[in-house]
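Novice: predicted model follows, preceded by the sequence.
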Amino acid sequence: MTEFGLRLAISLTQIAAVMCIVVFTVLVLTLAERKVLGWMQDRMGPMEVGPYGILQPLADAIKLFFKEDIIPAGANKFLFTMAPILCLIPTFIGFAVIPWGPNWTFEVNGVTVRPFVISDINIGILYILAFASLAAYGIILGGWASNSKYSLLGGLRSAAQIISYELNVGLSIVGVLILSGSLSLVTITDNQAGGFWHWYLFALPAPQIFAFVVYVISVVAETNRVPFDLPEAESELVAGFFTEYSGLRFAYFFLAEYANMVLVSCVASALFLGGWNAPYPGTIAELVGVPYLAWAENTMWFAVKTYSFLFLFFWLRATLPRLRYDQLMRFGWKVLLPIALGNIVVTSIAVFIYQQMK
Amino acid sequence: MTMTAHNTRQSLSDWLKTITFYEILVGMKATLSHLLNYRPVTLQYPHEKRTLPDNYRGMLALLRYDDGTEKCVGCDLCEAACPSRVIRVVSAEVPGEPTKRYSKEYYMDMTRCLFCGMCVDACPVDALGMTREFEWAVYDKRQLHLNKQQLLAIGDRSYPVREKRLELQHPNVAFFNVAFNHVPPKPADPRG
């Protein structure tokens, strides 16, 4: 086998594995969200399909798969078909640079393999932000191509909201980038090794707590979740930009929304919460004397952080009512943006002084 | 001066609450406490059912006497009492007994029924009853247009204990279900 063929095979295997993990996580999330929301509201959530409703995601998937695929009259067929794909692909592409576990390498026939990251490119976080912005096209085009006023209004709201809050996401990340001096998620995560006081959320010289808060709020807004779910406000706009979608196309939008949640949770844990690093220095596996199992511990910590962040999404959804549109915009531009900018200034000065003192 | 200081303290605490998301945290604490003290109010309906109150007004039914004869005398009072025009009665004479009437046809369009029970109240011979059935979801709403046989069948399965038919009652008078001792007994039914 040629070297290129081997590389291709390894990459495709990794991509397939990551896709499976992400889709599985999304399936779990759809159930977990309904269950957690139910429990918080003294309900039970789905209980019928399988014991305690654990097979509900499969039932939903089958239902969506066999539903009639309707294209409304007067819709732009090409864009109507393209929009869900435009929404889905950028989200899945982002997972390529997420480090799931320790930065190990091993060689197979002279080819270096990194088992826990598909590709460690040196502009990782920029790449994620760039593709996350592309997903906005899917939403806007889906809203426009449906030939429906609800869809159009949802798409327009979504456009304005995503553009406003992308900015805050980008700016809140800059503090971390200043501290780590790298855009690669692998390097950023490596720099946070050695206990939770090295995580950029708490790390000296400039703890990124404010940046983290700005990031969380902006990311909730960017993924169109409650309390910022104005693009799909069901009491105002039926379902927003995917009002006219049904069947598999609707499933694509749904998948994209949840995969996007997973992606931003992964980014949050990689940037602010130390990624796969445990909150204590080193790993228990190494102490016990099984260092070859350290990857399992590290991956487990990454999963714990990501899922806790996802739980926060559900928690917020169970708690908060929806914002008004002008409140949303005012909050984004007049509150979060100055905080994010101020955080950059403070972090830069702190890092500069820290380096001078060294 | 004190007022100003108070206001300053007030605004300071408001400001602190705003920047620490105090109100949101209070709300999140409430939802989390419900998650931790999970006591669902849900009734898993097809598997567990609520106990119905004693005066529950469910599906309507036509009743019979203990000897199996229909109680209904075809007086149309239920039709008159019904506010939603659910009931249609076609009454006729009992063949061979010119003074005796019965309902030849009896229809209820249960799609319109609002279960007020006024027909039951109106009935002079207690021929109508409200059962405790409520699971009457159907795929075709024409199935809710019930005829006399169906209504009697509902009554048969819901009222196993039937009212005794008194010997001396006359099936054509409103106050009937009492014994009229001064009325001479009827001869035996020629039809057997």
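Specialist: On my side now, so go ahead. Treat the numbers as computed from the prediction; the structure is a model and nothing was measured. Numbering: from 1, shown residues only, chains lettered A, B, ... in the order given.
Novice: correct me, but residue A:340 touches residue A:213?
Specialist: No - between residue A:340 and residue A:213 there is no contact, the gap being 9.9 Å when judged by Cβ atoms under 8 Å. Backbone N, C-alpha and C define where each C-beta goes, glycine included.
Novice: okay, and for the stretch 151-300 of chain A, where does confidence drop off?
Specialist: Scanning the stretch 151-300 of chain A with the threshold set as pLDDT under 70 gives A:233-234.
Novice: in it, what residue is nearest chain B?
Specialist: residue A:213 (8.2 Å; Cβ to the nearest Cβ).
Novice: wait, what's in contact with that residue?
Specialist: residue A:339 (Cβ atoms under 8 Å, 6 or more residues apart in numbering or on different chains).
Novice: and residue B:104, what element?
Specialist: Per DSSP states H and E: residue B:104 is located in strand B:97-109.
Novice: mind checking the longest helix of the chain?
Specialist: Since no chain was named, I'll use chain A. helix A:3-40 (DSSP state H).
Novice: wait, chain B was what I had in mind.
Specialist: The single longest helix within chain B, with elements called by DSSP H, is helix B:2-19.
Novice: and that helix, what's its mean pLDDT?
Specialist: The pLDDT scores in helix B:2-19 average 79.
Novice: hmm, it touching chain A?
Specialist: No - using Cβ under 8 Å from any Cβ of the partner chain, helix B:2-19 stays clear of chain A, with a minimum separation of 9.6 Å.
Novice: residues making contact with that helix?
Specialist: Residues outside helix B:2-19 that contact it (Cβ under 8 Å, 6+ apart) are B:22, B:23.
Novice: packing partners of the very next helix or strand once past that helix?
Specialist: Next in sequence after helix B:2-19, counting helices and strands by DSSP H and E, comes helix B:22-36. Here helix B:22-36 is seen to pack against helix A:3-40, helix A:294-319 when contacts are counted using 3 or more Cβ pairs under 8 Å, 6 or more residues apart in numbering or on different chains; DSSP states H and E.
Novice: single out the most deeply packed of those.
Specialist: Across the helices and strands packed on helix B:22-36, averaging neighbours per residue (mean count of other Cβ atoms under 10 Å in any protein chain shown) puts helix A:294-319 on top, at a mean of 19.
Novice: how about that one and chain B, any contact?
Specialist: Yes - Helix A:294-319 reaches chain B (Cβ under 8 Å from any Cβ) through A:315, A:316, A:318, A:319.
Novice: quick check: the last one touching residue B:28?
Specialist: Same thing as residue A:319. Yes - with contact defined as Cβ under 8 Å, residue A:319 reaches residue B:28; the gap is 5.0 Å.
Novice: burial of residue 69, as a residue count?
Specialist: You didn't pick a chain, so chain A it is. Taking other Cβ atoms under 10 Å in any protein chain shown as the criterion, the count of residues near residue A:69 is 11.
Novice: if you could check chain B rather than the one you did, that'd help
Specialist: Residue B:69: 12 neighbours (other Cβ under 10 Å).
Novice: who's in contact with the closest residue in space to it that isn't next to it in sequence?
Specialist: Excluding its sequence neighbours, the residue lying closest to residue B:69 (Cβ to Cβ, 6 or more residues apart in numbering or on different chains) is residue B:165, at 6.6 Å. Residues in contact with residue B:165, defined by Cβ under 8 Å, 6+ apart, are B:65, B:66, B:67, B:69.
Novice: sec struct for residue B:165, please.
Specialist: Judged by DSSP: H, G, I helix; E, B strand; the rest coil, the three-state class of residue B:165 is coil.
Novice: the stretch 1-150 of chain A against chain B: which residues are in contact?
Specialist: A:36, A:38, A:39, A:40, A:41, A:42, A:43, A:44, A:47.
Novice: ok, back up a step: which pair in the residues of helix A:294-319 next to chain B has the greatest spatial separation?
Specialist: A:316 and A:318 (7.4 Å; Cβ to Cβ).
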